[in-house]
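Peer 1: got a sequence here, can you model it:
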Amino acid sequence: MGLLLGRFVFAGGDDAQPSAVRQPKAQSIEQLQLRLRVGGENAGLLTDLGVAYLNQARATADPTWYSKAADALQRAQALAPDDGRTLTGAGLLALARHDFTLALSLGQRAHALEPASPDALGVLVDAQVELGRYPEAAASAQEMVDRRPSLASLSRVSYLRELHGDTSGALAAMTQAAAAGSGSGTDAAYVRTVVGDLHLNAGDLDLAEASYRRTLSDAPGYGMAEYGLARVAAARGDLDGAARLLSPLVARLPFSAWVALLGDVETARGHADDAARQYELVRTIEALNRSNGINSDLEVARFEADHARDLGADAGRALALARSALADRPTIYAEDVMGWTLRQAGDAAAALPHARAAVRLGTADAVLWYHLAVIEADLGMPAPAAADLSHAFAVNKHLTFRDLPAARQLAGRLGVGA
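Peer 2: Numbering: from 1, shown residues only. Sure, this is the predicted structure:
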C-alpha cells in the first residue's frame, strides 16, 4: 500500500512484518538466483525467491520488487500449481498488491491442501480482514492459534481485538506474541513497534515513545519505530523534532504514508513549498505502486480527501476511487474513506451512513469517531456530534496533530471539553 490502514497488509508503509512464508535464511537473493541458473527451474526455489523479493520490497520501499516477485511466483505456480507453499507465497503477493479476492482464493486453496499449515491460515486471515469478513477472520485466527500460539497467530488476534475496540486485549495478545517469539530480531522489533502503536493510538505518548526507543536500542535503524517516534514528536507539538526524524527516514524509505506525514509537518511549520513537494512525491509513489500492479485506490482517495488543494474541482476522481475501494475492500476503513471523501466533496448527507458503518465494530480509532462527529455537525445534529467527538477525545486526546486544531474548534462550537 501506500498509506497503511491495516496492520499486516501494505505495499509500502511498513518495512517489516512477520513473514507468512520463510525462505531459508542462509540463502540470499543472489544465492537463490545462482541455484536456479545452475539447476534449472524449481518450484521450491522460485517460491523462496519470490518471497525474498517481497521482503526486499518491504525493506527498500521499492515497488518494482513486487513485479519481480510476481514473475518468480508465476513461474513456480506453472511448475507446481497445487503446491500449498507456492500458493501461500502467491497469496502474500496478492495481499501486498491489495488483490484481496485473489488472496482469499489462494489462501483457501493452500489451506485445503495443507490444513495444518499456519502460513496458509495467515494469508486467509489477512484476506478476510481486508474484505471486511471479520467473523470469518476471527474464526480463522482462532484456528491459527489453536494450531500454534505463535507470533504470527497472536499478532493477528491482537489486530482483530484492536478492530473491535479491545485495546487492552490487543496489548495482551502482543505481549503473548512477544513471549512466543520466533528467534528473529526483526520480528521482535515488529512486536515492540506494534505495542508502541497501540499506546500511541490510545494517546499514551510516554509509553509509546518508550516502546519505540527500546525497539531502536535493539534494532537500530528500524524504520517503523523511527516513524513512530516522529508521530510522537508531532503529537507533542515538536514539529521541528518530527521533521528531523522524518527527513532522513523518507530519504531512505520513501513509503507514502511517511512522506505524507512529513508533508503535514512541513505544512504545520509554515513551509508550504516543502509540503507541496512532499505531497507531489506521495502522488508519484502511488503512481509507481500502481504501475507495479498495486491497487492503491483506498490510499489515494484518503490522501486526496485530506490533502487535495481543491477537492471540489476534482471530486469526481476522488469519489470514483473511494467507491472502487469500498467495492473491492469493504472494510470499516473503506467506509470511513468513502464517508470522508463525500463530506469533503460537500455531500454530508450521503456521507453519514458510511461514517456510521465505519464505527460499527466499536474500533478505538479516534479519527473514525472524529470524522463521524464532523459529518453529524455538518448536518445540524449537535447532540450526536458532541457525543461522538467526546468519544474521539476519550480514545485519544491527541487525535492526529493535523486533525487536532479543527477538532478543537468543533469542540468549542459544540461545548465539548477537548
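
Peer 1: got the buried residues for the longest helix along the chain?
Peer 2: For the chain, the helix with the greatest residue count under DSSP state H is helix 272-291. Residues 274-275, 278-279, 281-283, 285-286, 288-290 are the ones in helix 272-291 that count as buried (16 or more other CB atoms under 10 Å). For the C-beta atoms, the positions are set from N, CA and C on the backbone; glycine is no exception.

Peer 1: now do it: distance to the chain's middle.
Peer 2: Computed by CA atoms, centre = their mean, to the nearest Å, the separation of helix 272-291 from the middle of its chain amounts to 18 Å.

Peer 1: same check, this time on stretch 188-205
Peer 2: The answer for stretch 188-205 is 14 Å, by CA atoms, centre = their mean.

Peer 1: tell me the mean pLDDT for that stretch?
Peer 2: Averaging pLDDT along stretch 188-205 gives 94.

Peer 1: likewise stretch 101-116?
Peer 2: On average, the pLDDT along stretch 101-116 is 96.

Peer 1: and if you look at stretch 29-49?
Peer 2: 93.

Peer 1: what does stretch 160-176 give?
Peer 2: Mean pLDDT, stretch 160-176: 95.

Peer 1: quick check: the farthest pair among the buried residues of helix 272-291?
Peer 2: D274 and R290 (25.3 Å; CB to CB).

Peer 1: returning to that earlier point: helix or strand right after the longest helix of the chain?
Peer 2: Using DSSP states H and E, the helix or strand that follows helix 272-291 in sequence is helix 297-307.

Peer 1: how far off centre is that next one?
Peer 2: Chain-centre distance of helix 297-307: 14 Å, with CA atoms, centre = their mean.

Peer 1: now swap in stretch 91-111 and tell me
Peer 2: Computed by CA atoms, centre = their mean, the chain-centroid distance of stretch 91-111 equals 16 Å.

Peer 1: ok, F393 touching A411?
Peer 2: Yes: applying CB atoms under 8 Å, one finds F393 in contact with A411, separated by 7.4 Å.

Peer 1: for the stretch 51-200 of the chain, what spans make up the helices?
Peer 2: Using DSSP state H, counting those that start in this stretch, the helices of the stretch 51-200 of the chain run over 64-79, 84-96, 100-113, 118-130, 134-147, 151-163, 167-180, 185-201.

Peer 1: mean neighbour count and distance to Y212 added to the ones you listed, as TSV?
Peer 2: Shown next, in TSV, are the helices of the stretch 51-200 of the chain (neighbours: other CB atoms under 10 Å; distance: least, CB to CB, whole Å):
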stretch	mean neighbour count	distance to Y212
helix 64-79	19	26
helix 84-96	27	25
helix 100-113	21	30
helix 118-130	27	24
helix 134-147	18	26
helix 151-163	24	17
helix 167-180	19	14
helix 185-201	23	5
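
Peer 1: distance to L239 added to those helices, as a markdown table?
Peer 2: Shown next, in a markdown table, are the helices of the stretch 51-200 of the chain (distance: least, CB to CB, whole Å):
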| stretch | distance to L239 |
| --- | --- |
| helix 64-79 | 33 |
| helix 84-96 | 32 |
| helix 100-113 | 36 |
| helix 118-130 | 33 |
| helix 134-147 | 37 |
| helix 151-163 | 28 |
| helix 167-180 | 27 |
| helix 185-201 | 17 |
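
Peer 1: out of the ones you listed, which comes closest to V337?
Peer 2: Among the helices of the stretch 51-200 of the chain, helix 118-130 comes nearest to V337, with 13.4 Å by CB to CB.

Peer 1: which stretches of the protein aren't confidently modelled?
Peer 2: 1-27, 181-184, 309-314, 418 (pLDDT under 70).

Peer 1: more crowded one of F393 and A411?
Peer 2: When F393 and A411 are compared on other CB atoms under 10 Å, the one with more neighbours turns out to be F393, at 22 against 18.

Peer 1: can you pull the contacts of the more buried one?
Peer 2: 366, 399, 407, 411, 416-418 (CB atoms under 8 Å, 6 or more residues apart in numbering).

Peer 1: please apply the same query to A112.
Peer 2: By CB under 8 Å, 6+ apart, no residues touch A112.

Peer 1: alpha carbons only: can I get stretch 211-219 in CSV?
Peer 2: Extracted C-alpha coordinates of stretch 211-219, given in CSV (Å, rounded to 0.1, in the frame of the first residue of the first chain):
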residue,chain,number,x,y,z
SER,A,211,8.4,1.1,23.3
TYR,A,212,9.9,2.7,20.1
ARG,A,213,13.1,3.6,21.8
ARG,A,214,13.5,0.1,23.2
THR,A,215,13.0,-1.2,19.7
LEU,A,216,15.7,1.1,18.3
SER,A,217,18.1,0.2,21.1
ASP,A,218,17.9,-3.5,20.0
ALA,A,219,17.4,-2.8,16.2
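
Peer 1: quick one: it to chain centroid distance?
Peer 2: Its chain's C-alpha centre and that of stretch 211-219 lie 21 Å apart, by CA atoms, centre = their mean.

Peer 1: buried stuff in that stretch?
Peer 2: Buried residues in stretch 211-219 (16+ other CB under 10 Å): 211-216, 219.

Peer 1: immediately after the helix or strand where A373 lies, which helix or strand?
Peer 2: Using DSSP H and E, A373 maps to helix 366-378. Using DSSP H and E, the helix or strand that follows helix 366-378 in sequence is helix 382-395.

Peer 1: buried stuff in that next one?
Peer 2: Quick answer for helix 382-395 (16+ other CB under 10 Å): 384-393, 395.

Peer 1: out of those, which one sits closest to E376?
Peer 2: Distance ranking of those against E376, using CB to CB, places A385 first at 3.8 Å.

Peer 1: distance check, that closest one against T341.
Peer 2: Using CB to CB, to the nearest Å, one gets 19 Å for the distance from A385 to T341.
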